[in-house]
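Trainee: Just a sequence and a predicted model for now, questions to come.
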Amino acid sequence: MHDLIYGLFAITLGVISIFLIYRLLDFLLAFLPSKIKNRISHLPHLLPAGILITFVLVYPIFGTLILSFKNSSGKTWVGFENYTKLFSSKEFYVILINNFLWVAFVPTLVVIFGLLVAQLTNQVGPTREKIFKSLIFMPMAISFVSAAAIWKFMYAYVPPGRPEVGLFNAILSKLGFETQTWLMIDRMRLNSFLLMIIIVWLQTGFSMVLLSAAIKSVPEETVEASRIDGCTNKQAFFRIIIPQIRGTIMAVFITVLIGVMKIFDIVLSMTGGNFNTSVLGFEFYKEFFLNANSGKASAIVMILMILIAPLIYLQIRTVRHQESLR
């Protein structure tokens, strides 16, 4: 009960404070000459948000950058030593390769499956469409850790002589093949690809919803005109529909791509980064929380941020391009 009272008090105080801040800024703005006031009249409304963003985003970024040049305790300057240690380690290159594989395959598969499901479900009638889309979107309602718990039973391995509990091994056993320790097989990065399946399963529903809405927004006249010209359904889909929803496809692709760059939960829950499955997000967790090495952990964060920054810029450009077409 006390927590509820404190929460309501904090919300009330926050709303009143924001209102008073804006009133004060408008009051001060009235004392300025008209020419200056007309030029900067928008600033009082942007200033509080700008200050908040500075403290919440900009300041932590610079703090992390400074910390990446210090030792594990964050007290002594060590220059580029943390970065040198990372890039001189073979394990770190394995991690970068894993991140590259996640980036190369997961967003592409999510978009492909999302397009496939969206196009197929749009053609089965309103009632069945709702049912199918609800089932496919349902995994989005659970967390990554919960999804990992579910898929652990898919990949589970038990010693010979015990009842099989893993779906994959149960199928192999029924077919007469030897069961496998799936998550320990790092040949051709098989275990990493098995982890990627979980994200594809989770994100396909998200991709389907956006792409389905985009497909439905394509003018029917253009599709009918292509069919009159002799296009098959396949040709109409790839030559008429896909070009018109390219902006949405890019938005979905980049959104999933940014999420994949930061992947952490699945690796932690499934393998703990063992068997050559670690990624940058998990390495940060390991260095900061397990090894108590804030300097090296901050260096990993900065590397991750440098890799993600161009993607964010591309996402902004894509959104602006979509808005310009409306």
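Mentor: Right, received. Where do you want to start?
Trainee: contacting residues for residue 190?
Mentor: Neighbouring residues of residue 190 by C-beta atoms under 8 Å, 6 or more residues apart in numbering: residue 182. Where you see a C-beta, it was placed from the backbone N, CA and C, and this is true even at glycine.
Trainee: actually residue 133, not the one I wrote
Mentor: 117, 121, 205, 208, 209, 212.
Trainee: three-state assignment of the last one?
Mentor: Using DSSP: H, G, I helix; E, B strand; the rest coil, the three-state assignment for residue 212 comes out as helix.
Trainee: just the first one next, same as before
Mentor: On the three-state scheme (three-state DSSP), residue 117 is labelled helix.
Trainee: Tell me the spatial nearest neighbour of it, not counting adjacent residues.
Mentor: Among residues not flanking residue 117 along the chain, residue 208 sits closest, at 4.6 Å (C-beta to C-beta, 6 or more residues apart in numbering).
Trainee: same question, the fifth one
Mentor: The shortest distance from residue 209 to any residue other than its chain neighbours is 6.3 Å, reached at residue 137 (C-beta to C-beta, 6+ apart).
Trainee: Kindly confirm my reading that the one you found is in a helix.
Mentor: Yes. Counting by three-state DSSP, one finds residue 137 located in a helix.
Trainee: Can you report how many residues lie near it?
Mentor: Number of residues near residue 137 (other C-beta atoms under 10 Å) recorded here: 15.
Trainee: can you redo the contacts of residue 133 as CSV with neighbour count?
Mentor: Converted to CSV, these look like this (neighbours: other C-beta atoms under 10 Å):
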residue, neighbour count
117, 21
121, 19
205, 21
208, 27
209, 18
212, 22
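Trainee: picking that back up, would you mind listing the buried residues in the stretch of helix or strand the residue nearest to residue 117 belongs to?
Mentor: Assigned by DSSP states H and E, residue 208 falls within helix 190-216. If you call a residue buried by 16 or more other C-beta atoms under 10 Å, then helix 190-216 has these buried ones: 191-192, 194-212, 214-215.
Trainee: give the contact list for the most centrally placed residue in the chain.
Mentor: Taking C-alpha atoms, centre = their mean, the centroid of the chain lies closest to residue 259, which sits 1.5 Å from it. Residues near residue 259 by C-beta under 8 Å, 6+ apart: residue 203.
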